[in-house]
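kindly return the folded structure for what I paste below:
(chains A, B, C and D)
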4 protein chains.
Amino acid sequence: MNTSDGEFVWCIPDAYFTKDGDSRIPSHESISILNTGVKSANLKINFYFEDDRPAIKNIAVCINPESCVHLRLDKPEQIGNIKIPYDTPYGIKIESDVRVVVQYSRAYTGTVPMALMTTIAYSNPIKQSEKN
Amino acid sequence: MNTSDGEFVWCIPDAYFTKDGDSRIPSHESISILNTGVKSANLKINFYFEDDRPAIKNIAVCINPESCVHLRLDKPEQIGNIKIPYDTPYGIKIESDVRVVVQYSRAYTGTVPMALMTTIAYSNPIKQSEKN
Amino acid sequence: MNTSDGEFVWCIPDAYFTKDGDSRIPSHESISILNTGVKSANLKINFYFEDDRPAIKNIAVCINPESCVHLRLDKPEQIGNIKIPYDTPYGIKIESDVRVVVQYSRAYTGTVPMALMTTIAYSNPIKQSEKN
Amino acid sequence: MNTSDGEFVWCIPDAYFTKDGDSRIPSHESISILNTGVKSANLKINFYFEDDRPAIKNIAVCINPESCVHLRLDKPEQIGNIKIPYDTPYGIKIESDVRVVVQYSRAYTGTVPMALMTTIAYSNPIKQSEKN
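You can find the predicted model right below:
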């Protein structure tokens, strides 16, 4: 019986973190993870950069059963104390040991007022069928 | 013969409702559901939160055949009289007894003017193949 | 040999057309259709509304081979002389006789400056596998 | 063993490049490509236009292994010295010799402040299954 929704592998190619922002609502990005199942989801998160800059791999994050977490990428305490560099294009890969659903959003407040963008992340049907 | 489009299970990890907003157009989120088939769609909607806050489950909503409804999440009368708490990250799961298509959008008017974001929700191909 | 990309059926649940807008760039929605193949794509477009309002069906649009068209939904001459009503939530279904890719975007200029949102439309894998 | 994520063919129907923009942050579009695998990704990019304007094909771009590149479409040096015309609707197809993930984003600064939109591009499951 499968009570969990989503996939095991998720990718986000367009992540970007800027220092700009107003004082009330700083610019920020978030990865939102929905775990509809009855088991905790143990995530491993990788960050990829341009050129020859090495990837940062296997940042561990745990999501409770039947819960939804919005991870703020500008808050190192939420992503294994990793400090994402400013003004640097990067990409994200998330692997989970149970099915989850992942959405990426960005709020830009570098010029008041706000700009928003969001997308469901890309999920990997190949890995899914191998796991099943 | 299958005259309906879409899937049976849809998920939205990044939902967030804020009290900010101007008087003319309040900030709001919507779940838009398209039912292209000839049968009514009976939906059950779950809301998931962070930490140990329990999920709210099985909110019933009906969508007429060959119609499209934009459910406003800031209007309790449209979602079974549930009042979504302010400034609280949450996620959404929607199950339907017939195929439908679901899109999530957010309009933020906390600072004039408006910011918009949208994405087709994530649909669950696993449950789909089981149902077929 | 299949030289065309995409699917045969596409759905957009969250369409909405507003009269607001500044004089230079009016608020508008667009359906962008990419036809990468060597045959013209003959589209039939349906519009669905809330409540018991009847759907508008089978609006015909043709897309040239190896071309990309951004249909403006506020311009009746681009969608079979259909006039989409203002301030009315609606949904869209697009069927094509060859594979195409569809993206929906909205630009809101009711308050200067602009808000933007976009998403790849939902495509129907069921109908696709039946056609293949 | 498959260490790479994503698909081989990606499409973006709604691309549009405008001359507007403020001096600090010009309006721009980007294609973000994430290559999580251990081999370089050799891309060929096609651009499609409205009417009978011929497509521009097979622009070559290489993405390093385990890296993520945000290609700016307003910078000809990043896309084979192609100069995308202003104020012209167009679409994009990307083919890769290894699996990659592609996201499209647009930042509009024609009126200060900024508007943002993003979506994971459409990927072609048909071509994928043929390659596997």
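
sec struct for the most centrally placed residue in chain A, please.
The residue lying closest to the centre of chain A (CA atoms, centre = their mean) is A:Ile31, at 3.3 Å. Assigned by DSSP: H, G, I helix; E, B strand; the rest coil, the conformation of A:Ile31 is strand.

tell me which residue of chain A lies closest to chain C.
A:Thr119 (7.0 Å; CB to the nearest CB). C-beta: built from backbone N, CA, C; applies to glycine.

for the helix or strand hosting that residue, which strands pair with it and how are they oriented?
Assigned by DSSP states H and E, A:Thr119 belongs to strand A:115-120. Here strand A:115-120 has these sheet partners by DSSP bridges: strand A:90-108 (antiparallel).

what comes up buried for the strand it pairs with?
A:90-96, A:98-108 (16 or more other CB atoms under 10 Å in any protein chain shown).

check stretch A:5-23 too.
A:5-18, A:21.

shaky segments in chain A?
A:1-2, A:20-24, A:110-113, A:126-132 (pLDDT under 70).

can you give me the helices in it?
Along chain A, counting by DSSP state H, helices occupy A:125-131.

so which bits of it are right by chain C?
Residues of chain A lying close to chain C by CB under 8 Å from any CB of the partner chain are A:Ala115, A:Met117, A:Thr119.

does the residue of chain A closest to chain C have beta-bridge partners, and which?
Bridge pairing for A:Thr119 - DSSP bridges - gives A:Tyr104.

any idea how many residues pack against it?
A:Thr119 has 27 neighbours, counted by other CB atoms under 10 Å in any protein chain shown.

now do A:Asn42
Neighbours of A:Asn42 under the rule other CB under 10 Å: 13.

wait, isn't it in contact with A:Ala60?
Yes. Assessed by CB atoms under 8 Å, A:Asn42 is found in contact with A:Ala60 at 7.0 Å.

coming back round to it: what's near enough to touch the residue of chain A closest to chain C?
Contact analysis of A:Thr119 by CB atoms under 8 Å, 6 or more residues apart in numbering or on different chains lists A:Gln103, A:Tyr104, B:Thr119, C:Thr119, D:Gln103, D:Thr118, D:Thr119, D:Ile120.

can you count the residues close to A:Leu116?
Residues lying near A:Leu116 (other CB under 10 Å) number 24.

touching, it and B:Ser105? I think so.
No. Using CB under 8 Å, A:Leu116 is not in contact with B:Ser105, being 10.2 Å away.

now for these two: what residues contact both?
Going by CB under 8 Å, 6+ apart, residues that sit against A:Leu116 and also against B:Ser105 are B:Leu116, B:Met117.

okay, the residue nearest to A:Asp52 when sequence neighbours are not counted and chain B: tell me how far apart.
Excluding its sequence neighbours, the residue lying closest to A:Asp52 (CB to CB, 6 or more residues apart in numbering or on different chains) is D:Asn64, at 6.9 Å. Using CB to the nearest CB, to the nearest Å, D:Asn64 is found at 29 Å from chain B.

over to A:Asn42?
Between A:Asn42 and chain B the computed distance is 17 Å (CB to the nearest CB).

now that residue, nearest residue through space, not along the chain?
Among residues not flanking A:Asn42 along the chain, A:Asp97 sits closest, at 4.8 Å (CB to CB, 6+ apart).

the one you found is in contact with A:Ala41, isn't it?
Yes. Using CB under 8 Å, A:Asp97 is in contact with A:Ala41, at 6.7 Å.

not counting its own residues, what contacts stretch A:44-51?
A:15, A:31, A:55-61, A:79-80, A:82, A:84, A:88-96, D:34-36, D:64, D:66-70.

now, of those residues, which are buried?
Among the contacts of stretch A:44-51, those scoring as buried are A:15, A:31, A:55-56, A:59, A:61, A:79, A:84, A:89-96, D:34-36, D:64, D:66-70 (criterion: 16+ other CB under 10 Å).

A:Arg99 contacts A:Gly6, correct?
Yes. Under the criterion of CB under 8 Å, A:Arg99 makes contact with A:Gly6 at 4.2 Å.

write out the residues of chain A neighbouring chain D.
Within chain A, the positions adjacent to chain D are A:9, A:11-16, A:46, A:48-55, A:89-93, A:106, A:108, A:110-113, A:115-122, A:124-127 by CB under 8 Å from any CB.

look up phi and psi at the closest residue to A:Phe17 other than its chain neighbours.
Computed as CB to CB, 6+ apart, the closest residue to A:Phe17 that is not its neighbour in sequence is A:Ile84, at 4.9 Å. Main-chain dihedrals, A:Ile84, degrees, to the nearest 10: phi -70, psi 130.

equivalent analysis for A:Ile79, please.
Torsion angles, degrees, to the nearest 10, at A:Ile79: phi -130, psi 50.

which residues are in contact with it?
A:Ile45, A:Ile59, A:Val61, A:Leu71, A:Leu73.

of the residues you listed, closest to A:Ser27?
Of all the contacts of A:Ile79, A:Leu73 has the smallest distance to A:Ser27: 10.7 Å, by CB to CB.

look up phi and psi at the closest one.
phi -80, psi -10.

might one say that A:Ser32 is in contact with A:His70?
Yes. Assessed by CB under 8 Å, A:Ser32 is found in contact with A:His70 at 4.7 Å.

between these two, which contacts overlap?
Residues touching both A:Ser32 and A:His70 by CB under 8 Å, 6+ apart: B:Pro13, B:Asp14, B:Pro89.

straight-line length of stretch A:38-53, end to end?
Taking CA to CA, to the nearest Å as the measure, stretch A:38-53 stretches 38 Å from start to finish.

buried sites along that stretch?
In stretch A:38-53, counting by 16+ other CB under 10 Å, buried: A:Ala41, A:Leu43, A:Ile45, A:Asn46, A:Phe47, A:Tyr48, A:Phe49, A:Arg53.

quick one: contacts for the first one?
Residues in contact with A:Ala41 (CB under 8 Å, 6+ apart) are A:Ile33, A:Asn35, A:Cys62, A:Ile63, A:Ser96, A:Asp97, A:Val98, A:Val100.

could you rerun that using 6 Å?
Applying CB atoms under 6 Å, 6 or more residues apart in numbering or on different chains to A:Ala41 gives the contacts A:Asn35, A:Ile63, A:Ser96, A:Val98, A:Val100.

chain center to stretch A:105-119, what's the gap?
Chain-centre distance of stretch A:105-119: 16 Å, with CA atoms, centre = their mean, to the nearest Å.

can you check stretch A:37-50 too?
8 Å.

same check, this time on stretch A:114-130
When C-alpha coordinates are averaged (CA atoms, centre = their mean), stretch A:114-130 and its chain have centres 10 Å apart.

now the end-to-end length of stretch A:108-115.
5 Å.

next: stretch A:106-118.
Span of stretch A:106-118 from end to end, CA to CA: 6 Å.

so of the buried residues of stretch A:38-53, which ones are in strands?
Among these, the members found in strands (DSSP state E) are A:Ala41, A:Leu43, A:Ile45, A:Asn46, A:Phe47, A:Tyr48, A:Phe49.

just curious, which of those is nearest to chain B?
Nearest to chain B among those, counting by CB to the nearest CB, is A:Ala41 at 11.7 Å.

phi, psi for the nearest residue to A:Thr36 once chain neighbours are set aside please.
Using CB to CB, 6+ apart and skipping residues adjacent in sequence, the residue nearest A:Thr36 is A:Asp5, 4.6 Å away. With angles defined as degrees, to the nearest 10, A:Asp5 sits at phi -110, psi 150.

mind listing what A:Asp5 touches?
By CB under 6 Å, 6+ apart, the neighbours of A:Asp5 are A:Thr36, A:Arg99, B:Cys11, B:Asn124.
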